[in-house]
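**Student:** mind folding the following:
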Amino acid sequence: MESYLNENFGGVKAKHSSDEALGRWRKVVGVVKNPKRRFRFTANLDKRSEAAAMKRSNQEKLRVAVLVSKAALQFIHGLAPASEYTVPDEFKAAGYGICAEELSSIVESHDIKKLKSHGGVESLASKLCVSPADGLPRSKRRQALRTELFGINRFAETESRSFWVFVWEALQDTTLMILAACAFFSLVVGIATEGWPKGAHDGLGIVASILLVVFVTATSDYRQSLQFKDLDKEKKKITVQVTRNGYRQKLSIYDLLAGDIVHLSIGDQVPADGLFLSGFSLLINESSLTGESEPVAVNAENPFLLSGTKVQDGSCKMLVTTVGMRTQWGKLMATLSEGGDDETPLQVKLNGVATIIGKIGLIFAVVTFAVLTEGLFRRKIMDGSYLSWTGDDAMELLEFFAIAVTIVVVAVPEGLPLAVTLSLAFAMKKMMNDKALVRHLAACETMGSATTICSDKTGTLTTNHMTVVKACICGKIKDVENSSDAKSLFTELPESVMTLISQSIFNNTGGDVVFNKDGRREILGTPTETAILEFGLSLGGDFLAVRKASTLVKVEPFNSAKKRMGVVIQLPEGAMRAHSKGASEIILASCNRYLNDQGNVVPLDDATVAHLNATINSFANEALRTLCLAYIEVDEGFSANDQIPEDGYTCIGIVGIKDPVRPGVKESVAICRSAGIMVRMVTGDNINTAKAIARECGILTEGGIAIEGPDFRTKSAEELNELIPKIQVMARSSPLDKHTLVKHLRTTFDEVVAVTGDGTNDAPALHEADIGLAMGIAGTEVAKESADVIILDDNFSTIVTVAKWGRSVYINIQKFVQFQLTVNVVALVVNFSSACLTGSAPLTAVQLLWVNMIMDTLGALALATEPPNDELMKRTPVGRKGNFISNIMWRNILGQAFYQFLVIWYLQTEGKWLFGLKGENSDLVLNTLIFNCFVFCQVFNEVSSREMERINVFDGILDNNVFIAVLSSTVIFQFIIVQFLGDFANTTPLTFTQWFNCIFIGFIGMPIAAAVKLIPVDF
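**Tutor:** Numbering: from 1, shown residues only. Model (predicted):
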C-alpha cells in the first residue's frame, strides 16, 4: 500500500507544491461520498488560477500607473498649477481641507501634480488637521468623526459560515442520500403492508440514524471552523509605532486612521496608503502590488507609500492618507477570491488510503447485495412463489440494498483526511496557548518529522534583555554593570571623549528615547539599541540635547550583510562627521587610529590592535556580545547621495553586552538530543561569544565544529559534505550562509530542517526550510510572512513544544487510522462472509450507521485530540522517508481484526448455545448480542489504540477530557439504542448477565491487543 500511496499521492510537499503535483492526486482519488466535506480543506485550483490571473492584471495596471507617473514627473517637476479642487461640504463642515477620495487618487496614481497643487505633504497634513510632530489629537469625538468620513483600516472578509451550512454540507453525502431514499420507500411499503406505526419503524430508524450522523458531523466541522477563525484573527494581529497626542506608542494596524503619523523601519509592512514625511535610505519592495522585484526608493521627490508593500531598507515617518478598502491593497484583496491553502501531505496520503479502502468496500458491497438477493430469489424459486411478490419481499430486498449501501458508508473512511484537519486544528489551538502561532497547517505535521533545528542565538537561546556590563574606552577596561560604575567612568574620561561617545550613541541608533503619557522616560528600539542607549544615559548623556546639537545628513541602518550601521551628522560649527557601529572585529578592521588614555587621536599600532582584539575575545569568552564604536571626519561637501566611508575610522571604544541564556534552554536542547533532533546555532555574533553560549546551552559538544560564515563560504562542495554534519555553531554568518546551510541539509543530507529567523534578510532561509520559525517579538513582518510558525515569546523552549505537538499530531492520526482500519476490516468481512454463508447480514443499516459514527467522527474526536506526552520526545524522528502506515500498525490492525472476526463468527454460529437462547425471539436477541459485542469491541479497541507500542494504555487517560467524554457518550448511547430503541434499531432489551458478557467479550480485546504488541516487527 505504501508504494502505491507514494507513487500516486506522494508528490505533495509540506511547502511549495507544484500545481501539477496538487492536480495529480485529484485525478487518482475516487469513491468520494461527500466531495464538499472531503475537499473542504484542500486548495481550489480553479479559483486559485482565476485569482492569480486577476492579480497579474491588477499588478500590470498599477505598474503602468507608476511608470506613467514617473514619466510625467519629468514634465511636471517645478510646476505649481492652480488647484481647481473643491472640498465637499461634509468634509469642510468637519474642518478638513480635503476628502478621502482626493487623498486616495493622489497616492494611488502617484500624482505629483495634484500633490503639488495641494501644497505638498506638509500642507496635506494641515488639511487633515494633524501635526507631523505630535500626530492626531486624543479627542474621541474627533476620532469618531474622522473614522466616519475617512473610513477604518479594515479589509473585506468572507463571512463566517453558520452551523446550518455545515448541516447542509453533511447532507450532501451520496450514500446518506441513497439511504434516505431507501428509508422513504421503506416507510411507504411498511405503512402500506403493516400500517402505522409498526410499518414505519425500519424507515424512521434509518432517518433518525442519518440525522444523528449529520448533526454530529456538522457539529464537529463547525467547531473546527470556529477554531480556524480564531487562529486567523491571531495571524492578523500586527502592530506599528504611531505618534498620537505627542507620544510614540504601539497600535494595531486596524486602529489606524487617516492622518496618523506612522514610524516604519526595515522589515515592516506598510499598513495603509500614505506619504513620506521624513526618513533616510528608504527602499520599498512593491512586488506584492506591482510584481516588480526591484525595490523603489521613496523620498521627498517620490513620497508615495502603498499599503501591503514592505520596507526593504531604511526608515521613515509616514502620513497615513487612505485606509481600508480605499487603499490599493484593499482593492486588490477585494478582487481576489482565494483558492485556499495547499493541502498537507498527510491529508493527501489519507485521501489515497480512503480511495483504496473505498474501492475494496464498493466491491464487497456489490457482492454482498448480489449474494443476499440471489438467496432471496433461490428461496422464492424453491417455494414456487417466484411469480408472487409481496410487500414483505419488497421490504427484504430494500433491506438488502440498504445493507449494501451502508457497507459503503462504513467502508469508505471519509473521516480519514478530515481527521488530519481535526487533529491539526486542535493542536494549533493548544499551541497558541503554548505561545506558538501556526500560520500554515502543514507546518504542524512537518515539525513532528524535524531532524534538525537551526536556531538564532540572540533572543531565542538568550533572554534578549540586554545590558552593557563592560566597556573598553581610551584603552581602559571597566565594569559598568551598575550605574555607579558608569558614573565613575564618566568622571575618568576627558570631556572631548564623552562628547564623541554621546554623539556616537545618540545619533547612530535605530532607537529613540521618549516620554510616555505618565511622563516617564521610555527607550524604544531593539534590545541591542536599548542597551546602548541606556549605557549612554547612565554616562550622563542627554539624548534630546545631543540630537538637537547636530543635524542628521545620512543614515545607513544596520545591515546583517555588512554587520554595521552608520550616520553622517553636521556639527554646530558646520563640519561633517560620520559615526559607525557594529561587529567589533569588522569595525576595528576599518580603523587606523584610536583614542588614547588622554583622549588624543593617535595611530593604531600592532600592539594596540592586539590589545583591542584580546579585549574583544576576553569579552566574548565571557559570553558577552561586543560592539565597536568609531568615527571619521568627512568632507564638508558630503551629500545624502554619497556613500558613508568604510575605512579610515578612529576607534572610540568597545562595549560588552550581557544577554543571559534563557532558563530551561539547556534542558530543551537535551530533550531535542534525546529525540534525535540536532540543534545548530546560526548567529551573526562573534565566534567566541557564540561558542561560550553554545557550550552553556549544551549545543556545542565534543567533536562538534564551530565555524565562521566567511570560512564556510570558501569551502568546496566536497568539503561542505564532510563538514556540515559536524557543524554545531556558525558565527558571523550572513543570511546567505544560513540559506546555504539549510539547502545543503535538506537536499544533500535529506534532513527535515526547522529554521528560526527574525530579520528581513532571513526570509530566504525561512522560505527554503521545511519549517520556518519567525520570532513574534523581535521578528519583522517580512520574516513573519515568510514563516510557517511564529514563536510568540521568542523562546527556544517553545520550539521544542512545537516539535512535541508536531509528533503528537502525527502519532494521533496514526492511532486513528489504526482504529478505523480495524473497524473497516471487521465490518466488511463480517457482513460479507455472513451474507455469503448464511444469506443474511448480522448488522442492519441502522446499526452500521451507528458503528460508522463511532469509528469516524467520534473516533477522530477521541484519538486525534490526544495531548502530547514526554515519551514522544524519546523516539527518533520519522524524517523525510518514514512510512505512515507502519508495520507496527498493520500488526495491531490484523491482530485485533482477527480476534473480533472470530468473536462475531463464533457468536453467529454458536451464540444461541453459548447464551442459552431459545424461542421465536432468539434470533433477534442473538443479533442484538452480536451488535452489542461488536460495539464494545470497538470501545475497548479505542482505548487500546491510545498506544501503538506500549502495553500501558491507561497512562494519562484521565487528562484527555475529550476522550473520556466520547467513550462515555458512546457507551450511554449504546445502552439507550439497545434497551429503548429496539423498534428502530432492530434490537431487543438485554439482561444484566447478557450486558456483562458483552462488555467482557469486548474487554478481552485489550489483553489480546497487549499480547499482539509483544510480537516483534520491523519498522
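
**Student:** and residue 565, bridged to which residues?
**Tutor:** residue 581 (DSSP bridges).

**Student:** contacting residues for it?
**Tutor:** 508, 510, 555, 556, 557, 558, 559, 580, 581, 582 (CB atoms under 8 Å, 6 or more residues apart in numbering). All C-beta atoms are positioned from the backbone trio N, CA, C, and that covers glycine.

**Student:** which of the residues you listed fall within strands?
**Tutor:** 555, 556, 557, 558, 559, 580, 581, 582 (DSSP state E).

**Student:** any idea how far residue 778 is from the residue nearest to residue 767 when sequence neighbours are not counted?
**Tutor:** Spatial nearest neighbour of residue 767, excluding adjacent residues (CB to CB, 6 or more residues apart in numbering): residue 786 at 5.1 Å. Separation of residue 786 from residue 778 (CB to CB, to the nearest Å): 15 Å.

**Student:** show me the contacts for the residue nearest to residue 767.
**Tutor:** 757, 762, 763, 764, 766, 767, 772, 774.

**Student:** just send the residues you listed back as CSV, with secondary structure too.
**Tutor:** Formatted as CSV, the contacts of residue 786 follow (DSSP: H, G, I helix; E, B strand; the rest coil):
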residue, secondary structure
757, strand
762, helix
763, helix
764, helix
766, helix
767, helix
772, strand
774, strand
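
**Student:** most neighbours among those residues, which one?
**Tutor:** Using other CB atoms under 10 Å as the neighbour criterion, residue 757 leads the contacts of residue 786 with 32 neighbours.

**Student:** dump the residue contacts of that one.
**Tutor:** Here residue 757 is in contact with 456, 738, 763, 765-766, 772-775, 779, 783, 786-787 (criterion: CB under 8 Å, 6+ apart).

**Student:** quickly list what it is bridged to.
**Tutor:** residue 774.

**Student:** not counting sequence-adjacent ones, nearest residue to residue 1018?
**Tutor:** Here the residue nearest residue 1018, using CB to CB, 6+ apart, is residue 887, at 5.7 Å.

**Student:** and that neighbour, how many residues sit next to it?
**Tutor:** 12.

**Student:** give me the pLDDT for it.
**Tutor:** Model confidence at residue 887, given as pLDDT, is 88.

**Student:** so how far is residue 941 from it?
**Tutor:** 19 Å.

**Student:** next secondary structure after the longest helix along the chain?
**Tutor:** Criterion DSSP state H: the longest helix present in the chain is helix 796-838. Next helix or strand after helix 796-838 toward the C-terminus (DSSP states H and E): helix 845-853.

**Student:** packing partners for that following helix?
**Tutor:** Applying 3 or more CB pairs under 8 Å, 6 or more residues apart in numbering; DSSP states H and E, one finds that helix 845-853 makes contact with helix 174-194, helix 201-235, helix 391-411, helix 796-838, helix 922-944, helix 961-980, helix 982-985.

**Student:** how about residues contacting that helix?
**Tutor:** Contacts of helix 845-853 (CB under 8 Å, 6+ apart): 179, 182, 205-206, 208-210, 212-213, 216, 399, 402-403, 405-407, 409-410, 823, 827, 831, 843, 931, 934-935, 938, 973-974, 977, 984-987.

**Student:** among these, name the buried ones.
**Tutor:** With neighbours counted by 16 or more other CB atoms under 10 Å, those contain buried members at 179, 182, 205-206, 208-210, 213, 216, 399, 402-403, 405-407, 409-410, 823, 827, 831, 843, 931, 934-935, 938, 973-974, 977, 984-987.

**Student:** okay, the contacts of residue 786 in CSV with distance to residue 967 and pLDDT next?
**Tutor:** Shown next, in CSV, are the contacts of residue 786 (distance: CB to CB, whole Å; pLDDT from 0 to 100):
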residue, distance to residue 967, pLDDT
757, 43, 80
762, 46, 78
763, 46, 78
764, 48, 82
766, 42, 85
767, 43, 84
772, 38, 89
774, 39, 87
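
**Student:** can you show me the CA trace of stretch 309-320 as PDB?
**Tutor:** Extracted C-alpha coordinates of stretch 309-320, given in PDB (Å, rounded to 0.1, in the frame of the first residue of the first chain):
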ATOM      1  CA  THR A 309       4.300  46.800   0.400                       C
ATOM      2  CA  LYS A 310       7.400  46.000   2.500                       C
ATOM      3  CA  VAL A 311      10.200  48.200   3.900                       C
ATOM      4  CA  GLN A 312      13.400  46.600   2.500                       C
ATOM      5  CA  ASP A 313      15.900  49.200   3.900                       C
ATOM      6  CA  GLY A 314      15.900  52.400   5.800                       C
ATOM      7  CA  SER A 315      13.300  54.100   8.000                       C
ATOM      8  CA  CYS A 316      10.800  56.900   7.800                       C
ATOM      9  CA  LYS A 317       7.900  58.800   9.200                       C
ATOM     10  CA  MET A 318       4.700  58.400   7.100                       C
ATOM     11  CA  LEU A 319       1.500  60.300   7.000                       C
ATOM     12  CA  VAL A 320      -1.500  57.900   6.600                       C
END
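
**Student:** and it, average pLDDT?
**Tutor:** Mean predicted lDDT for stretch 309-320 stands at 88.

**Student:** which parts of it are buried?
**Tutor:** 309, 310, 311, 312, 313, 314, 315, 316, 317, 318, 319, 320.

**Student:** from those, which two are the most distant?
**Tutor:** 313 and 320 (21.3 Å; CB to CB).

**Student:** ok, and for stretch 242-261, which residues are buried?
**Tutor:** Those would be 242-244, 247-249, 251, 253-261, for stretch 242-261 by 16+ other CB under 10 Å.

**Student:** actually stretch 544-559, not the one I typed
**Tutor:** 546, 547, 549, 550, 553, 554, 555, 556, 557, 558, 559.

**Student:** again, but for stretch 436-456
**Tutor:** 436-456.

**Student:** that one: how far from the chain's middle?
**Tutor:** 8 Å (CA atoms, centre = their mean, to the nearest Å).

**Student:** what mean pLDDT does it have?
**Tutor:** Rounded mean pLDDT across stretch 436-456 is 86.

**Student:** where does the stretch 801-950 of the chain have low pLDDT?
**Tutor:** 839-841, 882 (pLDDT under 70).

**Student:** so what would you say the end-to-end distance of stretch 757-764 is?
**Tutor:** 10 Å (CA to CA, to the nearest Å).

**Student:** whoops, I mixed them up, stretch 317-326
**Tutor:** Start-to-end, stretch 317-326 (CA to CA) is 21 Å.

**Student:** from residue 263, how far off is residue 975?
**Tutor:** In terms of CB to CB, residue 975 sits 65 Å off from residue 263.

**Student:** between those two, who's got more neighbours?
**Tutor:** residue 263 (18 against 13).

**Student:** which ones are touching residue 780?
**Tutor:** 266, 267, 268, 758, 759, 760.

**Student:** go on, residue 960?
**Tutor:** Per CB under 8 Å, 6+ apart, neighbours of residue 960: 865, 866, 867.
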